[in-house]
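Asks: build me a model:
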Amino acid sequence: MFLIFSLSFCDSIIAQEPLEEIVTFVVPEESYGHSKISARYPAVDINNDGFTDFIMHYRGMTYDEEELYFYYGCSHPDSLPDMIIDIPFDYCGGFPSYGGDLNGDGWKDLVCPIVRTDDQYVYIFFGEENLIPDFDDPDILLNSYDHALDTWELGWNGVNTGTDFNGDGYDDIYVHGDGPSFFFNGQVDIFFGGENMDTEVDFHIMGNEEEWLSSNIAAGDLNGDGCDDLICSRRISEDLCNYEIYLGGEEMDVEVDYVIENLTYGYLETTDADGDLNGDGYEDLIIYDSDYTGAKIYLGNYNFDNQYDFIIPQDNPGNGSITRFYCNINNDNYSDITTVDQSGTCKFYFGGIDFDMEPDLILNNTNQNFAQGFCNLNDFNGDGNNDILINLGHPYNKATVYTIENLVSLDESIYFPNKCVLNNYPNPFNPMTSFSYYLPHGINYSKIQIFNIKGQLVDLINIDSDNTSINWNADKYSSGIYLYKIDIDNSPIKKMMLIK
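Replies: Below you'll find the predicted structure:
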């Protein structure tokens, strides 16, 4: 079962609107344990109606029955799929991708990795109104045999779109796998998009025997040059791996530009680089170090280096925090990080200028595989709030959702840690902005302090724990940057801009 939650923060971190259940999708009983959801990438608008959509990948217990379920966003979504497509071959080798516009026609394109008896393929269907994929007649067919020395166990089953490595304005595809051959070399191929996209590979790297090149892989613009960069792991010993970074560009080459050395190797870990935590315009890299120290964050920069800036620690070593990805659940200008470990703990870390390593929202669930299927839907029902899709796992396929106001007292599985939270929206603003806040347990009253850029106190706003937001009218103040914080210890200092 999958639930869609609308995290109704009203464009801020905390508000009194409920954490509302929008719709429930029930996995067919025969597919339990094998259904997949493309969790690494945000949903996109497939049919160009202004709502985000997503695909769910169902796989039967015997792996010989596979279907793609398409769910189109709308103002009042229901649990029924809008389109079901059968996979007519042996099996779908990996997650289908629907994130990029490869030929620049304004429609998102469907890309499916397929394993057939004779070989492994990537089927590409250019988006159009009322697209119904015909696997007998794809727009482009990539055959792994054309791009590998030996396709035996190539595992060409990782396909990613929505990236632009050469900065030409067309989205590109990167395909990766464990092979070629059964020696687990590892291989990555990039195919540049274009109005007349072809099947010629534009970037190709392959590892040596048992290096498992690209078992962990991501892409993002780490140095802010407008071209996505490729990040992939290369195993260097039984327990260690390096992460290699290949900078994108008009003339992207196969020379390694940066190396992050000697991280603990873990085949099942995920790596992400498509979010901006601190709002500086550079995308940031998350790598989970499998020695259980936690997720290491490398902030993007024009002069990107190989030293991590933060570690999000893991509370339960051995439980394998194997899932982490970017989203924006509180509707501000910063990406947020979500981590899920195998104990059923799902944590949200809100991004910001003063990003810290303490979770801002925690969901606990003892169900097996809870939140192992997870997708950032953006605004699925068009109400202005970002939505998330969570696989509730087994054995209990149900969930109770309460309002934000009652979360701490009524549901111990969903709570805010004992910390001070503060934000404002809109930002920049003129002249009204809304402060949203959360006071730590035991503090009932405080003040929001507002300072000018010189550090001079210009206003005080009384707040209490019975409320979670308050408006501020800056009509009598001049344009410029202002700082604000709550008048308690360890309160974050935030920045806002008044523009008149």
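
Asks: got the domain boundaries for this structure?
Replies: Residue ranges for the domains of the chain, per the TED database: 19-404, 421-498.

Asks: show me the shaky parts of the stretch 301-450 of the chain.
Replies: Across the stretch 301-450 of the chain, residues meeting the criterion (pLDDT under 70) sit at 315-324, 342-344, 365-374, 391-420, 441.

Asks: excluding its backbone neighbours, what's nearest Gly104?
Replies: Tyr170 (5.1 Å; Cβ to Cβ, 6 or more residues apart in numbering). C-beta: built from backbone N, CA, C; applies to glycine.

Asks: and if you look at Asn262?
Replies: Leu240 (5.4 Å).

Asks: so who does that neighbour touch?
Replies: Asn262, Leu263, Thr264, Tyr265 (Cβ atoms under 8 Å, 6 or more residues apart in numbering).

Asks: winner for burial among the domains of the chain?
Replies: Mean neighbour count (mean count of other Cβ atoms under 10 Å) peaks for domain 19-404 among those, with a mean of 19.

Asks: go ahead and confirm His204 touches Ala148.
Replies: No. His204 is beyond contact range of Ala148, at 9.4 Å (criterion: Cβ atoms under 8 Å).

Asks: intersection of neighbour lists for the two?
Replies: Contacts common to His204 and Ala148, judged by Cβ under 8 Å, 6+ apart, are Gln187.

Asks: now the closest residue to Asp134 other than its chain neighbours. Its backbone dihedrals?
Replies: Using Cβ to Cβ, 6+ apart and skipping residues adjacent in sequence, the residue nearest Asp134 is Phe125, 7.8 Å away. Backbone torsions for Phe125, taken as degrees, to the nearest 10, come to phi -120, psi 120.

Asks: can you pull up the bridge partners for Phe125?
Replies: Leu110 (DSSP bridges).

Asks: list the contacts for it?
Replies: Neighbours of Phe125 in contact, by Cβ under 8 Å, 6+ apart: Asp109, Leu110, Val111, Cys112, Leu131, Pro133, Asp134, Pro138, Asp139.

Asks: dump these into a markdown table; add pLDDT and distance to Asn467 as well.
Replies: Below are the contacts of Phe125 laid out as a markdown table (pLDDT from 0 to 100; distance: Cβ to Cβ, whole Å):
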| residue | pLDDT | distance to Asn467 |
| --- | --- | --- |
| Asp109 | 93 | 47 |
| Leu110 | 90 | 46 |
| Val111 | 89 | 47 |
| Cys112 | 86 | 49 |
| Leu131 | 87 | 48 |
| Pro133 | 88 | 51 |
| Asp134 | 89 | 56 |
| Pro138 | 94 | 56 |
| Asp139 | 96 | 55 |
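
Asks: which one among the residues you listed gets closest to Gly100?
Replies: Asp109 (6.2 Å; Cβ to Cβ).

Asks: ok, the closest one touching Thr161?
Replies: Yes. Counting by Cβ under 8 Å, Asp109 does reach Thr161; the two are 7.0 Å apart.

Asks: picking up where we left off before, next one: the residue nearest to Asn262 from Leu110, what distance?
Replies: 37 Å (Cβ to Cβ, to the nearest Å).

Asks: cool, and Ile486?
Replies: 48 Å.

Asks: how about Gly294?
Replies: Relative to Leu110, and taking Cβ to Cβ, Gly294 is found at 36 Å.

Asks: can you give me the helices for the protein?
Replies: Here the chain has its helices, by DSSP state H, at 407-410.

Asks: spit out the contact partners of Asp146.
Replies: Asp146 touches Thr199, counting by Cβ under 8 Å, 6+ apart.

Asks: which pLDDT does the model give the closest residue to Asn48 other than its chain neighbours?
Replies: Spatial nearest neighbour of Asn48, excluding adjacent residues (Cβ to Cβ, 6+ apart): Trp107 at 6.5 Å. At Trp107, the pLDDT value in this model is 95.

Asks: what's in contact with stretch 477-492?
Replies: By Cβ under 8 Å, 6+ apart, stretch 477-492 touches 352, 354, 356, 419-422, 424, 431, 435, 437, 439-440, 443, 446-453, 455, 458, 460, 463, 474, 493-500.
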